[in-house]
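Asks: sequence first, predicted model second:
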Amino acid sequence: MKKSELKSQIKNEIIDILEAVSPEDVKAQQDYNAELAKTAELEKSMAEGNDQDDGYVNHTYNDNVIDKYNIPVEPTAVFEEDDEDKEPTSSQLKSEPISKIGYELADTNKKMKQIVKKWSATEEGPAKDKLKDRLRELTKIKKELESLLENKK
């Protein structure tokens, strides 16, 4: 097949396709093109003058920072009172300033009040004994803190 014959065959096929298209198809395509133009215009206007917050935040992540803070943590659902911050020893408290000792004393009093509330609401048994033992420990710490405050004055 010669080049000229191929060109004429393609031309005839295109003409046949175009003749087969109905006026409704042409109208539908024109409507579709008009909608595409409107959409493109709206997108352009939104990109230019949109100062509204759409809620999307583009985050960039630095792998070094993620690796630094990505520490796996075991989930725990039960918190024991004994697992709270350990009470400071008397040698640690002697070297601390008077204001720090005052804060420790206030914190100890607060813990004691919370435990007394739990103790009064608890029925007789091992739980009540455990709370009583904790109160005894906190009372010793409270007396020690008060004596340290008296010595520092």
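Replies: Cool, the structure landed.

Asks: average pLDDT for stretch 109-119?
Replies: Predicted confidence along stretch 109-119 averages 90 (mean pLDDT).

Asks: what does that stretch contact?
Replies: Taking contacts as Cβ atoms under 8 Å, 6 or more residues apart in numbering, the residues outside stretch 109-119 that touch it are Glu81, Glu84, Lys128, Leu131, Lys132, Arg134, Leu135, Leu138, Thr139, Lys142. In this view, the C-beta of every residue, glycine as well, is placed from N, C-alpha and C.

Asks: by pLDDT, give me the weakest of these.
Replies: Minimum pLDDT across the contacts of stretch 109-119 falls on Glu84, with 51.

Asks: re earlier: including neighbour count and distance to Gln114, could the contacts of stretch 109-119 go into JSON lines?
Replies: As requested, those are exported to JSON lines (neighbours: other Cβ atoms under 10 Å; distance: Cβ to Cβ, whole Å):
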{"residue": "Glu81", "neighbour count": "12", "distance to Gln114": "9"}
{"residue": "Glu84", "neighbour count": "10", "distance to Gln114": "11"}
{"residue": "Lys128", "neighbour count": "15", "distance to Gln114": "15"}
{"residue": "Leu131", "neighbour count": "19", "distance to Gln114": "10"}
{"residue": "Lys132", "neighbour count": "12", "distance to Gln114": "14"}
{"residue": "Arg134", "neighbour count": "18", "distance to Gln114": "10"}
{"residue": "Leu135", "neighbour count": "17", "distance to Gln114": "10"}
{"residue": "Leu138", "neighbour count": "17", "distance to Gln114": "10"}
{"residue": "Thr139", "neighbour count": "12", "distance to Gln114": "14"}
{"residue": "Lys142", "neighbour count": "17", "distance to Gln114": "14"}
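
Asks: rebuild those as a markdown table, extending it with secondary structure and distance to Glu150.
Replies: Rendered in a markdown table, the data for those read as follows (DSSP: H, G, I helix; E, B strand; the rest coil; distance: Cβ to Cβ, whole Å):
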| residue | secondary structure | distance to Glu150 |
| --- | --- | --- |
| Glu81 | helix | 29 |
| Glu84 | coil | 26 |
| Lys128 | helix | 33 |
| Leu131 | helix | 29 |
| Lys132 | helix | 27 |
| Arg134 | helix | 25 |
| Leu135 | helix | 22 |
| Leu138 | helix | 19 |
| Thr139 | helix | 17 |
| Lys142 | helix | 13 |
